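Visitor: Give me a model of this one.
(2 chains)
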Amino acid sequence: GNSVTQMEGPVTLSEEAFLTINCTYTATGYPSLFWYVQYPGEGLQLLLKATKADDKGSNKGFEATYRKETTSFHLEKGSVQVSDSAVYFCALSDPADSWGKLQFGAGTQVVVTP
Amino acid sequence: GAGVSQTPSNKVTEKGKYVELRCDPISGHTALYWYRQSLGQGPEFLIYFQGTGAADDSGLPNDRFFAVRPEGSVSTLKIQRTERGDSAVYLCASSPRGTPSYNEQFFGPGTRLTVL
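Guide: Residues are numbered from 1 along each chain as shown, chains lettered A, B, ... in the order given. Just a heads-up that it's a prediction; the model follows:
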């Protein structure tokens, strides 16, 4: 079956540092890929998405590129802020599934210190 | 506009009791999903509604879990004979429509269920 694996946290870094969160997936077809973010005390929010190979999703300075050859969708940000402290979830949706349900990784907590 | 709301935000119950968790989706969203998030894990799919009908309930762990959406808007997740292993955060999400698969899902804040 399908699965999503992302790097374990917590990831602790200083403000203005470069952030990478690795995400790889296993799927029989070509899934849509997502990054969701959960800020402290808030619900999950879509951060960015990509629906086909080589697509790049971007939002709020974050980027991720759909790499079919490595089955990866790593999240990157060039200069993090304290406000980026959150839990980040990589997820996929299988186009063979008619209803668009999401399958999530375990999440990666990111802590940015001033 | 208003987002997805869930009530209660916290629910503490005793083993063996019955609980109901409510989800109010964004107005006009026909697709509604329930997920369960255990501590330290990502959300796991439970059930999907398109309108009033449960189109996919393959994620429900057993027959103690049931969900309804009688008028195609508000949904209630019902858990009978709760067990300690049911303790988790229950998330609801809605979407303008369930397909295609890249439609954004809008999540509520969740209900934290604790079974003592």
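Visitor: Tell me the spacing between B:Thr82 and chain A.
Guide: 23 Å (Cβ to the nearest Cβ, to the nearest Å). In short, each C-beta sits where N, CA and C put it, glycine included.
Visitor: Phi and psi next, for A:Gly84.
Guide: No, residue A:84 isn't Gly; it's Asp. Backbone geometry at A:Asp84, expressed as degrees, to the nearest 10, gives phi -80, psi 0.
Visitor: what does B:Asp86 give?
Guide: Dihedral angles (degrees, to the nearest 10) for B:Asp86: phi -80, psi -10.
Visitor: looking at it, it is touching B:Gln80, isn't it?
Guide: No: counting by Cβ atoms under 8 Å, B:Asp86 does not reach B:Gln80; the two are 10.1 Å apart.
Visitor: Tell me which of these two has more neighbours.
Guide: B:Asp86 (21 against 13; other Cβ atoms under 10 Å in any protein chain shown).
Visitor: hey, which helix or strand in chain B has the poorest pLDDT?
Guide: One helix or strand of chain B scores below all others by mean pLDDT, DSSP states H and E: strand B:53-56, with a mean of 87.
Visitor: Need the phi and psi values for the residue in chain A that chain B sits nearest to.
Guide: Closest to chain B within chain A is A:Phe104: 3.1 Å, counting by Cβ to the nearest Cβ. The phi and psi values for A:Phe104, taken as degrees, to the nearest 10, are phi -110, psi 150.
Visitor: In three-state terms, label A:Ser83 for me.
Guide: With DSSP: H, G, I helix; E, B strand; the rest coil as the basis, A:Ser83 sits in helix.
Visitor: so what strands line up beside the least confident helix or strand of chain B?
Guide: With DSSP bridges as the criterion, the sheet partners recorded for strand B:53-56 are strand B:44-50 (antiparallel).
Visitor: Now find how far off-centre the partner strand is within its chain.
Guide: 7 Å (Cα atoms, centre = their mean, to the nearest Å).
Visitor: ok, and for stretch B:44-55, which residues are buried?
Guide: B:44-50, B:54 (16 or more other Cβ atoms under 10 Å in any protein chain shown).
Visitor: Show me which pair in these is furthest apart.
Guide: Farthest apart among the buried residues of stretch B:44-55 by Cβ to Cβ are B:Glu44 and B:Gln50. That separation is 19.8 Å.
Visitor: what ranges do the strands span in the chain?
Guide: No chain in the question, so chain A it is. A:3-6, A:11-14, A:19-21, A:23-26, A:32-38, A:44-50, A:56-59, A:62-65, A:75-77, A:86-93, A:103-104, A:108-113 (DSSP state E).
Visitor: looking at chain B here, not the other one
Guide: Under DSSP E, chain B gives strands at B:5-7, B:10-13, B:19-24, B:31-37, B:44-50, B:53-56, B:65-68, B:75-79, B:88-95, B:106-107, B:111-115.
Visitor: Which positions in chain B make contact with chain A?
Guide: Counting by Cβ under 8 Å from any Cβ of the partner chain, the residues of chain B lying close to chain A are B:3-4, B:31, B:33, B:35, B:40-45, B:48, B:50, B:55-56, B:59, B:91, B:93, B:95, B:98-110.
Visitor: residue ranges with poor pLDDT in chain B?
Guide: Applying pLDDT under 70 to chain B picks out residues B:1, B:98-102.
Visitor: so which residue of it comes closest to chain A?
Guide: For chain B, Cβ to the nearest Cβ, closest residue to chain A: B:Gly42, 3.1 Å.
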